[in-house]
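Visitor: Okay, here's the prediction I keep looking at, along with the sequence it came from:
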Amino acid sequence: MTVALVLHRADGVPVSTAFRRAPFGKDDPFARHREIAWEGPAEMSAGRASFIGELDVASYPHIETLVVVEGELTLTAAGEAPLVVCPQAGAVIGCGTPVRMQARSRTRFVFCAAACEKPTRRGVFALHADANFMPTGTLSAEVLLSPAPECRSDKVFTDDAAQYLAGAWDSTPYYRIVRAHRMNEFMHLLAGSVRFAAPDGSVLSVGKGDTLFVPQGAPIGWESSDRVAKFYVCQTVSA
């Protein structure tokens, strides 16, 4: 079973993850630019893309979270001011949103997209490292190997139809046992570092600027020794 897929390394080191060039659905505006690392049975996809140029999309065909790692991407929803997305920032595009996308120079981004037949929220929503963090629940004692962390979250986007949540999250240090991951989760680290443990004893280390995807059900542990902040996308899939 796949434990975690690294989509991007901030230091430019090539990742071992296998990507395939393919569109996400028949109306994908980035069809010629997308590289998919993971695609699941609940019609979620994660990977990377590069783009230069301009696209006008009358109705965005799916939900997509983009995090820019190089260059600059401008997103303009109908009737809204342009949103300029620079490295270490991102955006969520709701399904059905009319949007113009512009990149004046080669721009690279990582993504997490999901199909949505009956969207419940449209628009373009910014993801910023200086999020409006609010206290949230912590982990249960039975999975912890350390004192309970203090966790905060800024939930930026929710689409109930696709069970798709996106936002920013941070936490004080903690250790957690290896367990089945409870959801599909895309993570882009904004601060700190994490060591993800696998059942065979191997460890995947990621740090600020790195991006990864963990499929629901993947057995994985967590170990952090400093504050960790991340952009996230979560989707719970019915068994």
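Guide: Done, it's in. The shown structure was predicted, so the numbers you read here are calculated from the model rather than taken from an experiment.

Visitor: Just to check, His128 is in contact with Cys86?
Guide: No: counting by CB atoms under 8 Å, His128 does not reach Cys86; the two are 10.2 Å apart. No exception for glycine: its C-beta is placed from N, CA and C like everyone else's.

Visitor: Which one's more surrounded, those two?
Guide: His128 (16 against 12; other CB atoms under 10 Å).

Visitor: Nearest residue to the more buried one in space, please, no chain neighbours.
Guide: Ala89 (5.9 Å; CB to CB, 6 or more residues apart in numbering).

Visitor: Phe186: which element?
Guide: If you go by DSSP states H and E, Phe186 is part of strand 184-191.

Visitor: elements contacting that strand?
Guide: If you count contacts as 3 or more CB pairs under 8 Å, 6 or more residues apart in numbering; DSSP states H and E, strand 184-191 packs onto strand 99-114, strand 164-171, strand 203-207, strand 211-214, strand 228-235.

Visitor: ok, residues contacting it?
Guide: Under the contact criterion CB atoms under 8 Å, 6 or more residues apart in numbering, strand 184-191 has outside partners 8, 40, 42, 44, 46, 65, 67, 88, 90, 110, 112, 129, 168, 170, 206-216, 227-237.

Visitor: Domain parsing of the protein, as residue ranges.
Guide: By the record's domain assignment, the chain is partitioned as 10-127, 134-235 (automatic domain parsing).

Visitor: chain center to the last one: distance?
Guide: In this case it means domain 134-235. 11 Å (CA atoms, centre = their mean, to the nearest Å).

Visitor: Can you pull the poorly scored residue ranges out of this protein?
Guide: Applying pLDDT under 70 to the chain flags residues 1-2, 42, 239.

Visitor: Which residues does the residue most central in space within the chain form beta bridges with?
Guide: By CA atoms, centre = their mean, the mean C-alpha position of the chain lies nearest to Phe186, the distance being 3.6 Å. Taking DSSP bridges as the rule, Phe186 bridges to Phe213, Val233.

Visitor: can you tell which of the helices and strands packed on strand 184-191 is closest to Ala58?
Guide: strand 99-114 (9.0 Å; CB to CB).

Visitor: so what secondary structure elements neighbour that closest one?
Guide: Partner elements for strand 99-114 (3+ CB pairs under 8 Å, 6+ apart): strand 44-57, strand 63-70, strand 73-77, strand 184-191.
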